[in-house]
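Peer 1: sequence and predicted structure are below.
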Amino acid sequence: MVRTRRWIACWTAAVLLPALSGCNTMDRAQFQIPDASDDPANRERIVALVQDAAINAGMVDRTAQSKAANTLAYFEEPVKDFRTILGARSAGEYLVIDLACLHPGGGVESTSFTVTKRVLESALAAEFGQNWRLVTEKADWIPTTRSR
């Protein structure tokens, strides 16, 4: 009987508690607009639509604090933990919009992330037609480089 209780206690500690406590999850999406970075009008359009999406989500402009090279715009939710971030930058011939949110897990995207992603999809379709793509697989991302 004591051995059985000890086994149950060990199983609970080793298997059940980590499963119940969960772990943090990172939702990430990258929007890529090819052959767009050379045109100043395209950069202005990207900044405007990112700014609109960020304001809609209650984000704060943190462009001056961005450490990413060639940053056009950078916004964060004004919360301490699990904030959604949204940035736009140029990378070679591409204009890139990065959207990310670290949240406590549970298998669902955060509301702020999901809403912002939908707003960006609609705005990009209206501004650029089909000349953009949504990338969710890390292997296809255009990496961010630090400028400072």
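Peer 2: Cool, got the structure. Numbering: from 1, shown residues only.
Peer 1: pLDDT-wise, which helix or strand of this structure ranks last?
Peer 2: Among the helices and strands of the chain, helix 17-21 carries the lowest confidence by mean pLDDT, DSSP states H and E, at a mean of 43.
Peer 1: parallel or antiparallel, list what pairs with whichever helix or strand comes after that one.
Peer 2: Proceeding N to C from helix 17-21, the next assigned helix or strand is strand 25-33, under DSSP states H and E. Looking at strand 25-33 with DSSP bridges, its partner strands are strand 94-103 (antiparallel), strand 133-135 (antiparallel).
Peer 1: in the longest one, what's buried?
Peer 2: By neighbour count, and taking 16 or more other Cβ atoms under 10 Å as the criterion, the buried residues in strand 94-103 are 94, 95, 96, 97, 98, 99, 101, 102, 103. For every residue, glycine as well, the C-beta is placed using N, CA and C.
Peer 1: what's the closest of these to residue 33?
Peer 2: Checking the buried residues of strand 94-103 against residue 33 by Cβ to Cβ gives residue 95 as the nearest, at 4.4 Å.
Peer 1: surely the closest one and residue 44 touch.
Peer 2: No: assessed by Cβ atoms under 8 Å, residue 95 is found out of contact with residue 44, at 10.7 Å.
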